[in-house]
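**Q** Return atomic coordinates for the entry below.
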Amino acid sequence: MRRDLHDELAPTLAALGLSAATVGELIPADPKKAAVLNAELQAEIRSTVGEVRRLVYDLRPPTLDELGLAEAIRQRGARYNASEENGGLRITVEASGLPPELPAAVEVSA
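**A** Modelled structure (predicted):
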């Protein structure tokens, strides 16, 4: 997670800041080019917001709180079962006798 934030998100946000500054400087000199760059900047911001959401989700997937550990693992396995890229791998999750509550860090790790 630390690597994702440091190596991916931080440089992306820095680049977005530079792009926004460029758009601001271009507005008086070349409004058409500024508008094109602004549209590109908006698309990149939407993509970055999606990346932030993915990182936050990975910190603690909502299914852990909503459905519990076993069901969260089942759903994750189902995502791979639905993928054609997995080479025919089928994942089945059988869980019984799990403790009713595990520490949050253990659930996230699992």
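**Q** Report the secondary structure state of the residue nearest in space to the middle of the chain.
**A** Among the residues of the chain, R54 comes closest to the average C-alpha position under CA atoms, centre = their mean, at 1.6 Å. Using DSSP: H, G, I helix; E, B strand; the rest coil as the criterion, the local structure at R54 reads helix.
**Q** Can you give me the distance of it to A95?
**A** Using CB to CB, to the nearest Å, R54 is found at 26 Å from A95. Quick note: C-beta positions are derived from backbone N, CA and C, even for glycine.
**Q** pLDDT below threshold where in this protein?
**A** The chain contains residues with pLDDT under 70 at 82-86, 98-99.
**Q** Tell me, domain by domain, which residues of it belong where.
**A** Taking automatic domain parsing as the reference, the chain has its domains at 2-59, 63-109.
**Q** measure the last one end to end?
**A** Distance across domain 63-109, first residue to last, is 14 Å (CA to CA, to the nearest Å).
**Q** residue with max distance from the center of the protein?
**A** Outermost residue of the chain (CA atoms, centre = their mean): A29, 37.0 Å.
**Q** show me what contacts the residue nearest to the centre of the chain?
**A** Residues near R54 by CB atoms under 8 Å, 6 or more residues apart in numbering: none.
**Q** I'd like to know how far it sits from P28.
**A** Distance from R54 to P28, by CB to CB: 37 Å.
**Q** helices or strands up against the helix or strand harbouring R76?
**A** Using DSSP states H and E, the element containing R76 is helix 69-81. Other helices and strands packing on helix 69-81, by 3 or more CB pairs under 8 Å, 6 or more residues apart in numbering; DSSP states H and E, are helix 62-67.
**Q** which residues touch the helix it packs on?
**A** Under CB under 8 Å, 6+ apart, the answer for helix 62-67 is 71-72, 75, 107-108.
**Q** which parts of that helix are buried?
**A** 63-64 (16 or more other CB atoms under 10 Å).
**Q** what do you get for stretch 54-61?
**A** Going by 16+ other CB under 10 Å, stretch 54-61 has these buried residues: P61.
**Q** Buried by neighbour count, from the contacts of helix 62-67: which ones?
**A** So, by 16+ other CB under 10 Å, the buried ones in those are 72, 107.
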